[in-house]
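Enquirer: what would the 3D arrangement of this be:
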Amino acid sequence: MQRRKYGAAGQRREATAEFLRTNGDVDGPQEDPAVVVSRLIRQAAGHVAWLLERVQETEADALVWGMTSEVERRGGEFPGVDTTYSAAVDGWVRLYGEERDRLLKMCDLAARMGVEERLVTLAEVQTKIMFEAMNRALDALELT
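Expert: A predicted model of the protein is given here:
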């Protein structure tokens, strides 16, 4: 993908558009993309931590050697189960690597979208609304 030089604001717009293309722009109430990406990053980080625990619980030899196929033969001269073992990356290791890659991509997307700055702005707006509501309540009670 070719990078365009629009500056920070242009990169944020481009990253937000990419997010909407990937995750859909559905009708109905919309969450701020920064909030959604932030939540997805937290979830992916949780998945990475959980998968790391599974990898650490797996015996070292099993991480690279294990059963790769099992076929049940019901007829023929030698009925039974044929089991094949070979060198292969363990499923937990594979999933752990894939989820880490996904987490890094989401972090990159968040950086390009300016998620951190947007979350700070949202927090400032929410604080202002809460402060104004408290002042109105205090005024109504004649406590100011």
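Enquirer: show me what contacts A87?
Expert: 64-65 (C-beta atoms under 8 Å, 6 or more residues apart in numbering). For the C-beta atoms, the positions are set from N, CA and C on the backbone; glycine is no exception.
Enquirer: helices of the chain, residue ranges please.
Expert: With DSSP state H as the criterion, the chain has helices at 7-23, 33-57, 91-113, 115-140.
Enquirer: which elements pack onto the first one?
Expert: Just to be clear, that refers to helix 7-23. Packing contacts for helix 7-23, counted by 3 or more C-beta pairs under 8 Å, 6 or more residues apart in numbering; DSSP states H and E, involve helix 33-57, helix 91-113.
Enquirer: related to what we said a few turns ago, could I get the helices of the chain as a markdown table with distance to R74, mean neighbour count and mean pLDDT?
Expert: Shown next, in a markdown table, are those (distance: least, C-beta to C-beta, whole Å; neighbours: other C-beta atoms under 10 Å; pLDDT from 0 to 100):
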| stretch | distance to R74 | mean neighbour count | mean pLDDT |
| --- | --- | --- | --- |
| helix 7-23 | 46 | 14 | 75 |
| helix 33-57 | 34 | 15 | 93 |
| helix 91-113 | 27 | 16 | 93 |
| helix 115-140 | 56 | 12 | 88 |
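Enquirer: include distance to T84 when you put those helices into TSV, please.
Expert: As requested, those are exported to TSV (distance: least, C-beta to C-beta, whole Å):
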stretch	distance to T84
helix 7-23	38
helix 33-57	23
helix 91-113	16
helix 115-140	46
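Enquirer: and E70, which of those is closest to it?
Expert: helix 91-113 (14.2 Å; C-beta to C-beta).
Enquirer: hmm, what's the outermost residue in the protein?
Expert: For the chain, the residue at maximal distance from the C-alpha centroid (C-alpha atoms, centre = their mean) is E77, at 50.8 Å.
Enquirer: with V71 as the reference, measure out to that one.
Expert: According to C-beta to C-beta, to the nearest Å, E77 and V71 sit 15 Å apart.
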